[in-house]
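1. I would like the atomic coordinates for the input below:
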Amino acid sequence: MSRTRTYAIEHGDLPQQDVQALDRAVLAHLAPRAATVETDLPVHEPGTWPADVEAAAELLRQRSNPEADPDDYCYAAADVRAHRYLWDAFVLVAPHAYDAEVRDADGEEIASLSDEGTLVVHLDDEQHEDLATLVGAHRLRLLDSPGRRRWRAAWRAPTAE
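-> The predicted structure follows:
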């Protein structure tokens with residue numbers, strides 16, 4: 001298997017509605033690799049999100065914390081292998097979230113969304129080719145080089161020698 005690299009999905013030329021559609025298409029493409037998801041459910045004015053997104057957020061909220069007040073910030077997590085309907089809910093909500101992550105069965109991050117639309121994916125060469133075919137190679141911007149460690153490992157404290 002080839003080395004995994006980190007890419008940002010470029011969408012600066014698209015209106016917000018199309019950014020959300022692109023993010024959802026990328027997430028749908030990653031679905032076979034998805035095992036667990038996490039997302040924040042930020043407090044927002046009722047009606048700010050489309051009705052289907054509001055319903056999906058409520059489903060995730062109830063699944064993660066049935067006692068949570070819908071008017072309070074919540075962080076939801078779900079095993080989407082066991083409950084694929086939670087994956088569908090996540091795909092609707094994630095483009096609206098400030099922070100959302102998708103992990104594989106080994107716990108490795110395969111995608112993260114932030115700030116209501118910034119999408120970063122971790123792909124090997126074959127997965128990159130497949131996604132480039134789906135969204136266009138011009139939409140995939142390499143964030144790391146083959147010699148660098150993945151960005152998410154940088155926070156780890158060095159070990160004492």
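2. how close does residue 19 get to residue 76?
-> 22 Å (C-beta to C-beta, to the nearest Å). All C-beta atoms are positioned from the backbone trio N, CA, C, and that covers glycine.
3. Compare the two and say which one has the larger neighbour count.
-> Neighbours were counted for residue 19 and for residue 76 using other C-beta atoms under 10 Å; residue 76 has more, 24 against 19.
4. Strand partners (parallel or antiparallel) of the helix or strand harbouring the more buried one?
-> Residue 76 is part of strand 74-79, with elements assigned from DSSP states H and E. Paired with strand 74-79 in the same sheet, following DSSP bridges, are strand 36-41 (antiparallel).
5. all strands for the chain, in order.
-> Taking DSSP state E, the strands of the chain run over residues 5-9, 36-41, 74-79, 99-103, 109-114, 118-123, 140-142.
6. Distance to residue 62 and mean pLDDT added to the ones you listed, as TSV?
-> Formatted as TSV, the strands of the chain follow (distance: least, C-beta to C-beta, whole Å; pLDDT from 0 to 100):
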stretch	distance to residue 62	mean pLDDT
strand 5-9	30	95
strand 36-41	11	93
strand 74-79	9	90
strand 99-103	18	96
strand 109-114	21	95
strand 118-123	26	94
strand 140-142	35	95
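7. Check the nearest residue to residue 87 once chain neighbours are set aside and give its pLDDT.
-> What sits nearest to residue 87 in space, not counting adjacent residues and going by C-beta to C-beta, 6 or more residues apart in numbering, is residue 80, at 3.9 Å. Per-residue pLDDT puts residue 80 at 95.
8. Make sure residue 80 is actually in contact with residue 89.
-> No. Counting by C-beta atoms under 8 Å, residue 80 stays clear of residue 89, with 9.1 Å between them.
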